[in-house]
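Asker: Just a sequence and a predicted model for now, questions to come.
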Amino acid sequence: MKEAMQRLREASIQAILESDSPDSLENLRVKYLGKKGELTAILRQMGKLSAEERPAMGQLANQLRGDIEASIEKRRAELNEAMLAKKLEREALDVTMPGEKPQLGHKHPMYNVLDQIKEIFIGMGFEIVDGPEVELADYNFTKLNIDEGHPSREWTDTFYFTEDSRILLRTQTSPMQIHAMEAKELPIRMIAPGRVYRKDEVDATHSPMFHQIEGMVIDKGVTMSDLKATLNLVVEKIYGKGTVTRFRPHHFPFTEPSCEMDIQCHKCGGKGCPTCKGEGWIEVLGAGMVHPKVLAGCGIDPDVYSGWAFGMGLERLAMGEYKITDLRLIFENDVRFLEQF
Amino acid sequence: MKLSRKWLNEFVDLPLDEVDDKAFAEAMTVSGSKVEVTEDLSATLRNVKVGRILSLEKHPDSDHMFIAKLDVGGAEPVQIVTGAWNVHVGDLVPVALHDSLLPTGAKITRGKLRGVASEGMLCSLKELDLSTHDYAYAEIKAAAILGDYHPIDPLKPSVSPQIQSGDRIFGKVLAAAVEKVETVGVNRFRCELSLGGAAAETVTDCQNLHRGDLVAYNTAEDKICTLADLHAEQREFPHCIEDGIFILHEDVQPGDDVAMLLGRDDHVVEFEITPNRPDCLCMIGLAREAAVTFGRELKLHEPVVEAKAGGDIRDYAKIIVEEPELCPRYIGRMVKNVKIAPSPEWMRQRIRNAGMRPINNLVDITNYVMLEYGQPMHAFDFSCVNQGEIHVRLAREGETIRTLDGTERKLNPAMLCICDTDKPVGVAGVMGGENSEIVGDTAMVLFECANFNGTSIRRTATALGMRTDASSRYEKGLDPENTYRAVQRACELVELLGAGEVVDGIIDVYPGKKERTTVKLEPEKINALLGTDIDEDTMRKILLDLGFDLEGDTIYVPSWRGDVEHYSDIAEEVARFYGYNEIPVAFTGAISTCGGFTEEQQCERLIGQTCRSLGMDEIITYSFISPGYYDKIRMPADSPLRSSLRILNPLGEDTSIMRTTILPSMLEILTRNYNYRNKRAALYEIGRIYLKREDGLADEPKIVSMGAYGPNMNFFTLKGWVEALLESLGAAKPHFEQERSNPSYHPGRCAKVYVDGKYVGVLGQIHPQVAANYGVETEFYCAELSFETLLAVKGALPVYKPLPRFPAVTRDIAVVCEREIPVGELTDCVLRSGGEYLEDCQLFDVYTGHHIPDGMKSVAFSLTMRAEDQTLTDEHAEETVKRVLLALEREYRAVMR
């Protein structure tokens, strides 16, 4: 009997190792361990054994059952693993094939830049205001200390809706200074981006419609120092920390003193190169202290309040940022252009 | 404004080797006079030397070139091949040597001309950027050389090809061979001629003669003939041209630098002067700025006029200013016994380096004074001023004048003119008239030195389309006080140059004299504005240096500073020279405002974000359109939207009206992309339309405009975008209604969208006829949604709803109904009638065709049912379905399939 068990052990383990599918493995399990299996058949002969021999044989038989079961499980695991490996192999993809990309929309590059600027100013306590583009000459010029007879008021420069030159398309966002001073509680910290219009033929650097950003602060004790500090900070945010700036006198009718702000050319570091036309500096904006006459005209006492204001062109900023070489691209709206940003 | 550094030194000691270009530009710029560029004039004329012609030989392989050997100051002579015929042995000429640069940008290198080595080039006036105005003696006169004769008709030559010396050409004109040429003066040559057997000797001013030439000699007039004398055309004598090398008659030596000779050893600084500072459009104004900037002395000169001619101007002239508003001051001075000649080299150099052209001594003096003092002047030939009367008046209807540029100008009664008793002799402040131009035989000159109203001059110049050096100064508003000094300077120069004799007396009509402006000096206010702590003494010094006067704390503004009238202006003067960049950078005030986006701005940002997440690109379009666009989008003729705000002075028809609808802008961009062969485009814009108001201004509501074409684009894609947009805003469920009457859209593929009963906008496929109007054959899809309404229907902050705890049951139903019944209505009916358990109803199929009767359709829905407190049973579901079917049948006669 012991020999029979030994033979069964050898035969079964060999067969299990050779089996090549879960089904054949199951057949082997039935064949060896099933109710009518070979081990059962051997055990049936236990009755013939003496009482002394029986426990030892029983133990041996249980051990054999355990070993066969273990072999089957081990083989089953091996077969499953091999099958999975095969399946995975079959499922393998060429990962270099293109992905199925959803169509992404793109913000207009100029508004990318505008949003960046809005966020910078909001971080400094500014609000954003919006106003009319069809404007009174009073707001666009007169209240900004731009008298009748000023060249910018000519019909060759400004678009008019009425023969008496009373209603026009705003030529600058500066009338928003007046609207803000007339309508808002003091103190004011605001920026006013928007469309402006001038009678310029379309070319690589001109467009009859373009965008400006106006900014203004009115409060007690506001000085040119504040103007410089704020604008330096803004420029550092736009052009990077450590950007060197320069302020130089300029003229705007509605600010006094007036200035223009330059940044040192990032390309040549101020030595002079084609980017900065050899000057070493690039002009970024115009600014100044709100003219006391303008304040007074809006009912603000210039002896109590003071303020500063700035204006900058958005197109030029965006063109600089993205190295766009032709202004016409901005308004052409070719998707091949828009989708680059 | 161009400033010569060499000339500047006359007023402020700022030598180039002490203050280089960069330092000068930087300092001037930060004190308020912005430097654009600085040009080293010697850099654009390099390695051009004076040479003396040692020998001249005909080129062996050319009928018109010479080989010259020249002494250019070096040890060895250089050889240069030239095509010019006006050169002679002994001449001094400008020689562009190997590796030289000319002002035209030309680079000259050595080379070979028809096999003969040439070490460079001999230069003409033009090649040196000069004209005969610069060097009148360099005018070239050419004789007709018979060897150069090319008949117009080869069969009928006027001069026989076999002609020989002594042969008659016509009349007393014989062919003569030049035996010898000798230079006997400036442009004077003695020629020995042989006429067959006879010989002759003559002096000519034709410069192109050489030994061996055959010329036409008029024996009666003892004259070598020019082309004009022979009545010949230039093309008959192609090389006998009045052009050639610039022969120098100056006190120079071989080897001298021509750049120096021409005054190009100068650096010219170009300034961008702001319109409030016309006083800086001249040497003295900029010198004053430079003096204060660099802390140096300003050296001004007081003109002295001797007026030796005696008499008095009033004996000759009368000046009447009829328009004192437009002409605040008019000064006249008289010069007689005028001798028109070129002005001296130093004056011509300064005029040239300032970017102007020398003309003659009198005209150059007026230009020189304009450059020096910033005051335009004019010189009239007084003999042409009828009755010696100058009337400053407005032009009369129909009057014309031929201006100095030779153009006939129509004047109108808004234009200020300088007239004599019967006609205009000049357009005030713009340009003089040809009828009173200074010419070679002008004997008596009236100098005008006047002040005119800037706006008036600008408008006249613009209307005539002629912005001149004078008008561009006048238009900014000049200082009337400056006129006196300027006219005195002009007369002083007349005497200095010996250009004439100044008549005693001045006529000075000055109706517009003004009091000096005063401003109070308030140092604490200035410091408060600037955020500085500048002491009063510093402020006073800056002001005094700039020419302001101070009496106590009263500041007297100099007459040339019309821009200064307020303490803030004084603050700028102080700040400019204290240094804008010295003002401390500090936040002096506390920030007391809270920034942020408004609700409206946040909504706009959210809409943009959603549009982009749906795959649309943002566009920016012009606010103005062409009126023709309304026809293109088939807007009805009586539509109120056709009454747009109209620009009275548009750039062109295409940009002449403010859009009342955003659709044409979107269609234009879609079309452009389509024409660029872009396969697809999905675009959005949040842009304004402009609706005319009673008061003439506009309501400018924003419209969310969407537009798309391309594969996979259909009505439902677009509708899905609109639905997604509304969902992103948290708006209530939208309601769509078929729109058949919008003429811009396909009548069967257009919907109006409502939320909470509010009309949001329209969406659909663009009418094929509209697409055709844009020349497009594809389907365009557009939506126009009111931003204002979107903002109004934007949902409040969402409130959390517990997630379902019990499973849902679904049932599919299909009903057959009339084809015209909109699915939307059926869906609404299902949702309305389903009862408490019906959670959702989704369309999943619409079918017509086989098994469905004509005019009918089958519509299939998937119903989702759920209860909050239990798992639904089949009975619950069946009951819901039954109620739905009943309602569909009752309301729409839709029966289960």
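Answerer: Sure thing, it's come through. No experiment lies behind these values; they were computed from the predicted model shown. Numbering: from 1, shown residues only, chains lettered A, B, ... in the order given.
Asker: What sits closest to the closest residue to chain A within the stretch 651-800 of chain B if chain neighbours are left out?
Answerer: Distances between the stretch 651-800 of chain B and chain A by CB to the nearest CB are smallest at residue B:698, namely 3.9 Å. For glycine as for every other residue, the C-beta is placed from the backbone atoms N, C-alpha and C. In space, and not counting its chain neighbours, residue B:698 is closest to residue A:134: 3.9 Å by CB to CB, 6 or more residues apart in numbering or on different chains.
Asker: what number of residues lie near the one you found?
Answerer: 24 (other CB atoms under 10 Å in any protein chain shown).
Asker: What residues are bridge-paired with it?
Answerer: Applying DSSP bridges to residue A:134 yields these beta-bridge partners: residue A:169.
Asker: What is the burial count for residue 97?
Answerer: Reading this off chain A. 7.
Asker: um, chain B though
Answerer: With other CB under 10 Å as criterion, residue B:97 counts 21.
Asker: same question, residue A:337
Answerer: So residue A:337, with other CB under 10 Å, has 17 neighbours.
Asker: Can I take it that it is in a helix?
Answerer: Yes. Membership of residue A:337 in a helix is supported by DSSP: H, G, I helix; E, B strand; the rest coil.
Asker: Distance of the closest residue to it other than its chain neighbours relative to chain B?
Answerer: In this structure, residue A:337 finds its nearest non-sequential neighbour in residue A:329, 5.3 Å apart by CB to CB, 6+ apart. From residue A:329 across to chain B, the span is 11 Å (CB to the nearest CB, to the nearest Å).
Asker: what residues does the stretch 451-600 of chain B put near chain A?
Answerer: B:454-455, B:458-459, B:462, B:475, B:528-532, B:563, B:566-569, B:571-572, B:575-576, B:580-581, B:583-589, B:591-598 (CB under 8 Å from any CB of the partner chain).
Asker: Among those residues, name the buried ones.
Answerer: B:454-455, B:458-459, B:462, B:475, B:528-532, B:563, B:566-569, B:571-572, B:575-576, B:580, B:583, B:585, B:587, B:589, B:591, B:593, B:595 (16 or more other CB atoms under 10 Å in any protein chain shown).
Asker: ranges for the helices of chain A?
Answerer: A:2-18, A:22-33, A:38-44, A:53-91, A:109-123, A:137-140, A:175-183, A:224-239, A:292-297, A:314-322, A:328-332, A:335-338 (DSSP state H).
Asker: Contacts for stretch A:93-104 next, please.
Answerer: The contact list for stretch A:93-104 (CB atoms under 8 Å, 6 or more residues apart in numbering or on different chains) reads B:612, B:615, B:682.
Asker: Now do that stretch: distance to the chain's middle.
Answerer: In this view, stretch A:93-104 has its centroid 21 Å away from the chain centroid, taken as CA atoms, centre = their mean, to the nearest Å.
Asker: next one: stretch B:456-472
Answerer: The chain centre lies 16 Å from the centre of stretch B:456-472; the measure is CA atoms, centre = their mean.
Asker: quick one, longest strand in chain A?
Answerer: strand A:209-220 (DSSP state E).
Asker: Quick check: can you list the domain ranges of chain B?
Answerer: B:2-33+B:269-294, B:46-136+B:248-261, B:146-236, B:313-509, B:518-582, B:599-793, B:809-896 (automatic domain parsing).
Asker: same question, chain A
Answerer: According to automatic domain parsing, the ranges for chain A are A:2-91, A:109-338.
Asker: Include mean pLDDT and distance to residue B:397 when you put those into CSV, please.
Answerer: Shown next, in CSV, are those (pLDDT from 0 to 100; distance: least, CB to CB, whole Å):
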stretch, mean pLDDT, distance to residue B:397
domain A:2-91, 88, 94
domain A:109-338, 94, 22
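Asker: right, so the ones you listed: which one is the most enclosed?
Answerer: domain A:109-338 (a mean of 19; mean count of other CB atoms under 10 Å in any protein chain shown).
Asker: how long is that domain end to end?
Answerer: When the termini of domain A:109-338 are compared using CA to CA, to the nearest Å, they are 7 Å apart.
Asker: And that domain, how far out from the chain middle?
Answerer: With CA atoms, centre = their mean, you get 26 Å for domain A:109-338.
Asker: wait, what's in contact with the residue lying closest to residue A:5 once chain neighbours are set aside?
Answerer: The shortest distance from residue A:5 to any non-neighbouring residue, by CB to CB, 6+ apart, is to residue A:64 (5.5 Å). For residue A:64, the contact set (CB under 8 Å, 6+ apart) comprises A:5, A:8, A:9, A:39.
Asker: With distance to residue B:339 as extra columns, can I get those in CSV?
Answerer: As requested, those are arranged in CSV below (distance: CB to CB, whole Å):
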residue, distance to residue B:339
A:5, 147
A:8, 144
A:9, 141
A:39, 144
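Asker: Nearest to residue A:201 among those?
Answerer: residue A:9 (101.2 Å; CB to CB).
Asker: Looking at the residues of the stretch 451-600 of chain B next to chain A, which are in strands?
Answerer: Among these, no member lies in strands (by DSSP E).
Asker: And the residue in the stretch 351-500 of chain B that chain A sits nearest to, what's its pLDDT?
Answerer: Closest to chain A within the stretch 351-500 of chain B is residue B:455: 3.9 Å, counting by CB to the nearest CB. Note on residue B:455: pLDDT of 93.
Asker: wait, isn't it in contact with residue A:154?
Answerer: No. Applying CB atoms under 8 Å as the test, residue B:455 and residue A:154 come out as separate, 9.5 Å apart.
Asker: so who does residue B:633 touch?
Answerer: Per CB under 8 Å, 6+ apart, neighbours of residue B:633: B:661, B:663, B:664, B:667, B:743, B:744, B:770, B:773.
Asker: and of those, the nearest to residue B:37?
Answerer: Among these, and counting by CB to CB, the member closest to residue B:37 is residue B:664, at 44.4 Å.
Asker: Let me know the pLDDT of the closest one.
Answerer: 97.
Asker: Residue B:590 now?
Answerer: 67.
Asker: same deal with residue B:560?
Answerer: On pLDDT, residue B:560 comes in at 96.
Asker: Okay, it and residue B:614: tell me how far apart.
Answerer: For residue B:560, the distance to residue B:614 (CB to CB, to the nearest Å) stands at 63 Å.
Asker: and the end-to-end length of stretch B:143-153?
Answerer: Span of stretch B:143-153 from end to end, CA to CA: 22 Å.
Asker: list the buried ones in it?
Answerer: Counting neighbours by 16+ other CB under 10 Å, stretch B:143-153 gives B:143, B:144, B:145, B:146, B:148, B:149 as buried.
Asker: now stretch B:443-455
Answerer: B:444, B:445, B:446, B:447, B:448, B:449, B:450, B:451, B:452, B:453, B:454, B:455.
Asker: Name whatever forms a beta bridge with the fifth one.
Answerer: The residues listed as beta-bridge partners of residue B:448 by DSSP bridges are residue B:332, residue B:378.
Asker: Now do the contacts for it.
Answerer: B:330, B:331, B:332, B:377, B:378, B:379, B:380, B:390, B:418, B:426.
Asker: Would you mind giving the residues you listed as TSV with distance to residue A:141 added?
Answerer: Converted to TSV, the contacts of residue B:448 look like this (distance: CB to CB, whole Å):
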residue	distance to residue A:141
B:330	31
B:331	34
B:332	38
B:377	33
B:378	33
B:379	39
B:380	39
B:390	36
B:418	32
B:426	32
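Asker: Right, I'll leave it there.
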